[in-house]
Structure formats: structure tokens, C-alpha cells
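>>> Take a look and give me a structure for this.
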Amino acid sequence: MRNTTAGLLIGAGLATAVALAFSLRPSAQAQALGAGSTSRVASSENVVVLTLPREDGSQQLVVVDPSQRVMAVYQVDGTRGELTLTSVRNFRWDLQMDEFNGTSPSPREIRAMLDRR
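Residues are numbered from 1 along each chain as shown. Next comes the predicted model:
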């Protein structure tokens, strides 16, 4: 129990530190989550931070840098308080695709329908 509390405090402390470091203010997304939600979103023009509790007691922390189009995902172990970087991705090229793993009608199909008018 003591380690779980320490892990949660470290996770909350990290999110708070990131928020303070970038002078974060609540975003429209955070308001959309609702007051009862345990997920939190904070953003500034420099970074967006999303914290998500997991069923196993750990916490996921997603940090997005919109200007560099990069995101990083961290996991905070609720028992040991360890912070682990689980993935980093530059999504610049992802956002330049017209479609991927979508359902019909695809953007190309919609464009073709509109061009026939």
C-alpha cells in the first residue's frame, strides 16, 4: 500500500511538474472529459499532457509536442513508483496520409462522388 501511494504521488508529481514547467492551463479537451473523470489533459502552445489511470494501478502519461509533431508515452508503476518510457513517435508523416485503416467511404471515394456532381 505504501509503495502504491508513493507511485501515485510520483506520477502526480511528474504531471504537475510538467504542467508547471510549461505553464499549462486546462484545455477544452480537459473540460470535455468532465469533472468525474480520472483522466486529465493539460495543454499550452508548447506541449499537451494526458494522464490515464490503468486498471493494474499504474498510470500512463502521454506528452505531445505539437510543434515538433512528436509524442512520448510513459508508464508510472503504481507499486514501485518507477517511470518507464514505453514509446516515442514522430507523427509528422502519419498526418500527411489521406487514409489509413479507415472504413468506407474513404476520402478518395468521397472526393470521387463530389467530383461527379
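>>> hey, let's count contacts and neighbours off CA atoms from now on
OK.
>>> Any idea what the residue lying closest to Val64 once chain neighbours are set aside is bridged to?
Leaving aside its sequence neighbours, Val64 sits nearest to Met71 (Cα to Cα, 6 or more residues apart in numbering; 4.2 Å). Residues in a beta bridge with Met71, per DSSP bridges, are Val64, Arg89.
>>> Compute the first-to-last residue distance for stretch 54-66.
Terminal residues of stretch 54-66 lie 25 Å apart, using Cα to Cα, to the nearest Å.
>>> can you list the weak-confidence ranges in the chain?
1-39, 42-45 (pLDDT under 70).
>>> ranges for the helices of it?
Shown for the chain, the helices assigned by DSSP state H span residues 2-21, 28-33, 107-115.
>>> returning to what we had before: how much space separates the residue nearest to Val64 from Ser106?
Taken as Cα to Cα, the span from Met71 to Ser106 is 26 Å.
>>> Neighbour count for the two, which is higher?
A direct count of neighbours by other Cα atoms under 10 Å for Met71 and Ser106 places Met71 higher, at 18 against 14.
>>> Nice, that's everything, thank you.
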